[in-house]
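# structure for the following, please:
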Amino acid sequence: RIYPEVVTSWERDLYSLTTYLSHPQELQPFISTTNALERFTKEVQKRSKVTESFSQPEAEEKVLLMVTDR
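Below is the predicted model:
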């Protein structure tokens, strides 16, 4: 009721969303495709939060580059 678009999307893509279940159970925790993206986003936010305001747009780009260059 609250998020009908999400339910529709999950119903439509359920097979794709659960393909990792076809792999051995001990490997499943390592297969999640969003973990790397979530970690990257968290790292960018963490680095950006330290600097309350960037003096120039290039400064924020530099932080992003430093995070991605690891």
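
# show me where pLDDT drops low in the protein?
32-35, 50-54, 69-70 (pLDDT under 70).

# tell me the residue furthest from the middle of it?
What lies farthest from the middle of the chain is Ser55; by Cα atoms, centre = their mean that is 27.2 Å.

# for that residue, which three-state class applies?
coil (DSSP: H, G, I helix; E, B strand; the rest coil).

# what does Lys42 give?
Using three-state DSSP, the structure places Lys42 in helix.

# now the strands for the chain?
For the chain, no strands are identified by DSSP state E.

# what about the helices in this protein?
Here the chain has its helices, by DSSP state H, at 4-17, 28-31, 34-50, 57-68.

# next, the angle helix 57-68 makes with the third one.
When you say that, I think you mean helix 34-50. 140 degrees (axes from the mean of the first three to the mean of the last three Cα atoms, to 10 degrees).

# chain center to helix 34-50: distance?
8 Å (Cα atoms, centre = their mean, to the nearest Å).

# turn the helices of the chain into JSON lines, columns for mean neighbour count.
For every residue, glycine as well, the C-beta is placed using N, CA and C. Output for the helices of the chain, formatted as JSON lines (neighbours: other Cβ atoms under 10 Å):
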{"stretch": "helix 4-17", "mean neighbour count": "10"}
{"stretch": "helix 28-31", "mean neighbour count": "10"}
{"stretch": "helix 34-50", "mean neighbour count": "11"}
{"stretch": "helix 57-68", "mean neighbour count": "12"}
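
# show the backbone phi and psi for Pro24.
phi -60, psi 140 (degrees, to the nearest 10).

# ok, it - how many residues close by?
Counted by other Cβ atoms under 10 Å, the residues lying close to Pro24 total 6.

# and it, how close does it get to Ser55?
Here Pro24 is placed at a distance of 51 Å from Ser55 (Cβ to Cβ, to the nearest Å).
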